[in-house]
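Asks: let's see this in three dimensions:
(one chain, ligands or ions: 1)
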Amino acid sequence: MNYKNKASKACDFPPKVRKEIATRDMNRCVYCGSKFGLQVAHVFVPRSKGGLGVKENGALMCSYGNNCHGKYDNGLDEEHEPIKEYVQSYMRKLYDINVHDLVYKKYAGFKFGN
Ligand SMILES: [Zn+2]
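Replies: Model (predicted):
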């Protein structure tokens, strides 16, 4: 497995983690409460920056209707700022978040051991 695949895999939410997140978030979009088009979104560190697929970095968001997930990732500032504030504070109440722990280390340029 090459480096790119490893990084990409580390940034995916595995089925088990998706399930944990869906249960934790009660199968609703954490922002608007919608039950439709739910996806697990990277909350603190986006996938494009090596954000890990772990429950501390993932929350359920809708991709239809309000499309909170789309706005979160790609929206204008005035669209995603309130969502970010809400979702990140929700997550910080659940976990002791250290953003540096949520980055795929090799991707971020750190080196471990040898
Ligand atoms: Zn939503």
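Asks: stretch 74-84: which residues count as buried?
Replies: Residues of stretch 74-84 classed as buried: 75, 80, 83-84 (neighbour count, 16 or more other CB atoms under 10 Å). Using the backbone N, CA and C atoms, a C-beta is placed for each residue, glycine as well.
Asks: for the residues you listed, which one is nearest the ion?
Replies: Closest to the ion out of the buried residues of stretch 74-84 is residue 83 (8.2 Å), distances taken as CB to the ion.
Asks: what helices and strands are in contact with the strand or helix carrying that closest one?
Replies: Using DSSP states H and E, residue 83 sits in helix 77-94. Counting contacts by 3 or more CB pairs under 8 Å, 6 or more residues apart in numbering; DSSP states H and E, helix 77-94 packs against strand 58-62, helix 68-74.
Asks: how about TSV for the ones you listed, with distance to the ion added?
Replies: Formatted as TSV, the helices and strands packed on helix 77-94 follow (distance: least, CB to the ion, whole Å):
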stretch	distance to the ion
strand 58-62	3
helix 68-74	3
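Asks: the residue nearest in space to the middle of the chain and residue 64: what is the separation?
Replies: Taking CA atoms, centre = their mean, the centroid of the chain lies closest to residue 42, which sits 1.6 Å from it. Counting by CB to CB, to the nearest Å, the gap from residue 42 to residue 64 is 19 Å.
Asks: what do you get for residue 95?
Replies: Between residue 95 and residue 64 the computed distance is 27 Å (CB to CB).
Asks: so those two - more neighbours on which side?
Replies: Taking neighbours as other CB atoms under 10 Å, residue 95 and residue 64 compare with residue 64 leading, 15 against 12.
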